[in-house]
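>>> Pasted the sequence and its predicted model underneath.
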There are 2 protein chains.
Amino acid sequence: MTHSLWQQQIEEAISKINFNKTPNDLYDPIRYSLGLIGKRLRPLLVFCGCDLFNGNTQEIVNAAAGIEVFHNFTLLHDDIMDNAPMRRGMPTVHTKWNSNVAILAGDTMFVKAFELVMMVPEKYMKVVLDLFCKTATEVCEGQQLDMDFEKQRTVSIDEYIHMIKLKTSVLLACSLKTGALVAGANADDTEHIYEFGKNVGIAFQIQDDLLDAYGNTEKFGKQVGGDIISNKKTILYLEALQLANGEQRKQLQEIYDGVIKLNDAEKVETVKTIFNALEIHQHVKVLMDKYYNSAVSHLDLTTASTQKKKVSLLFAIS
Amino acid sequence: MTHSLWQQQIEEAISKINFNKTPNDLYDPIRYSLGLIGKRLRPLLVFCGCDLFNGNTQEIVNAAAGIEVFHNFTLLHDDIMDNAPMRRGMPTVHTKWNSNVAILAGDTMFVKAFELVMMVPEKYMKVVLDLFCKTATEVCEGQQLDMDFEKQRTVSIDEYIHMIKLKTSVLLACSLKTGALVAGANADDTEHIYEFGKNVGIAFQIQDDLLDAYGNTEKFGKQVGGDIISNKKTILYLEALQLANGEQRKQLQEIYDGVIKLNDAEKVETVKTIFNALEIHQHVKVLMDKYYNSAVSHLDLTTASTQKKKVSLLFAIS
């Protein structure tokens, strides 16, 4: 109930941003990007962080919209870099227009994100902006590491976790903490809620990798093994490389390097056979649970009410 | 004397920014970009705006560095969009590395620019950031208009002036006003100094176009007629199209469209013959003087001391 109200307030705040401006080639793609409605997870987390500590959510609605605009800006630029043709079932901006349009529309969204985040009550402006800038820098670093990893033969588990933390989790953590800061939460609470968001985010990314290989296609809605087919160095693959014997490692690398040529179905089956032999699912599940449990314990340590903690947890894992 | 001291303080502030970080492919290009020492015109204008109204320049040195970082970020992205191979006599970032590196390094610089601009005394933070964000949006709009104009057959003089105002002048105006704001200047003074910067900037862009066709090669250091050779729609060309008779207009357009094929020297000569027949130099000079005079009158209207006004004027036109 509350969440659908929040969702409505977020859509309203986003629709109120004045992007009905010229030049058209700058503002059309911005409206297009923000119109591709996603889950609005990050703004919802801003609301959640604020509500947990009994803040007034009216005070963070623009900042929440700003974090969504920021997230969409990163998608525009990431999609250019990753050469991604589709996003949320629609052509990406650089495909529908061109890369130059996507670069400049992204830059303009980034400015708007700052303007919106600045709209928190003035006494919280500096602390919120400091967090936002730190986070934005980390997101850029995470994207660079992700691109670097594509070119590396192997990546350690720690390096991988560090990358997904920067690329994805810190923005979730920043969203929660922004809400908490404006609610006037104390330093311990804002730090615990940040750690909650960071650890949940890492657990989620790990779960994403797991579901891609082991998910129920119908429920998950994606082709099982898509990451294997596209040679993506997921945590499953990296964990497998660590645990594999010489023969298994050679086989895995030759499949991912394209030395061993297989059709998609054979490739998924062969790789999963190795994963299964190494009990990768279980190993990765242990790792995921470690981050999930850490998240829960940080949430527990906050002074928020038990009821609100329960709601947040359900929300974060839904 | 003062300016060389300011210059030194600016270089020191820029060199103190912590870009000695990893990933290397993110931070190497940033250090490279900021190491290509330009005139540092914009940070000098921040100092100038502050000093005009007797402010403490120590309070704006980081914001000045931030505006330089912002300017360099726009160069990184503009150079991708304009496909420019060289900048300040060195390969551009997207040439030396690649476009993805230039996009992401640019984004990271943009965040740092905000962080530095935020370092003004807290009581001025909101007003300075509002101005900075408004300006950053306008700079993006100006770049989009510039790209749009490349594809249009003709552009009115007013449209051209509007484009150069957004693409270049507003950042000079913002620099001066930022300094003035932190000096505690009153609303009239900050507005006049903004208009001074904006009009000087427009006059300078017009002068650039003039010098390209009519400058002294030795003094100017560039090939005379470079803009004509590259079919650039400068204000001279646009003014000529307005004033030309049917035959002249047809000839100009056919030369710029490549229908009439000439070698570089012939092209420059033929176009300049038309420009001369239409007295384009004089017409454009009148326009330039209009903006220059408007700039001077705005400077005059400020309450700064006559001595400081003189220094600023000399500085702005040097």
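Thanks, I have the structure now.
>>> Quick one: end-to-end distance for stretch A:273-288.
21 Å (CA to CA, to the nearest Å).
>>> how about the residues of chain A near chain B?
When proximity is defined by CB under 8 Å from any CB of the partner chain, chain A lies next to chain B at A:21-23, A:25-26, A:77, A:80-81, A:99-100, A:103-104, A:106-108, A:110-112, A:114-115, A:118, A:122, A:125-126, A:129-130, A:133, A:136-137, A:140-141, A:143-145, A:147-148. C-beta: built from backbone N, CA, C; applies to glycine.
>>> Apply 6 Å and report the result again.
Chain A comes close to chain B at residues A:23, A:25-26, A:77, A:81, A:100, A:103-104, A:107-108, A:111, A:114-115, A:133, A:136-137, A:140, A:144-145, A:148, as judged by CB under 6 Å from any CB of the partner chain.
>>> what's near enough to touch residue A:71?
Contacts for residue A:71 (CB atoms under 6 Å, 6 or more residues apart in numbering or on different chains) come out as residue A:42.
>>> ugh, wrong one, residue A:129
Taking CB under 6 Å, 6+ apart, we find residue A:129 in contact with no residue.
>>> Same check on residue A:80?
Contacts of residue A:80 by CB under 6 Å, 6+ apart are A:94, A:99, A:102.
>>> Now do stretch A:295-305, average pLDDT.
Averaged across stretch A:295-305, the pLDDT comes to 96.
>>> Can you give me the buried ones in that stretch?
Residues A:295-296, A:298-299, A:302, A:304 are the ones in stretch A:295-305 that count as buried (16 or more other CB atoms under 10 Å in any protein chain shown).
>>> Tell me how far it lies from the chain's centre.
The gap between where stretch A:295-305 is centred and where its chain is centred comes out at 22 Å by CA atoms, centre = their mean, to the nearest Å.
>>> before we move on, what about stretch A:16-29?
The answer for stretch A:16-29 is 26 Å, by CA atoms, centre = their mean.
>>> now do stretch A:157-177
The answer for stretch A:157-177 is 8 Å, by CA atoms, centre = their mean.
>>> Check which residues of that stretch are buried.
In terms of neighbour count (16+ other CB under 10 Å), stretch A:157-177 has its buried residues at A:160-177.
>>> show me where pLDDT drops low in the stretch 151-300 of chain A?
For the stretch 151-300 of chain A, residues meeting the criterion pLDDT under 70 lie at A:217-223.
>>> let's go with 80 and repeat that
Applying pLDDT under 80 to the stretch 151-300 of chain A flags residues A:216-224.
>>> tell me, how many neighbours does residue A:290 end up with?
By other CB atoms under 10 Å in any protein chain shown, the residues close to residue A:290 number 14.
>>> ah, wrong one, I meant residue A:154
The local packing of residue A:154 (other CB under 10 Å) involves 13 other residues.
>>> Confirm it sits in a strand?
No: assignment of residue A:154 by DSSP: H, G, I helix; E, B strand; the rest coil gives coil, placing it outside any strand.
>>> Residue A:284 versus that one, what's the distance?
For residue A:154, the distance to residue A:284 equals 16 Å [CB to CB, to the nearest Å].
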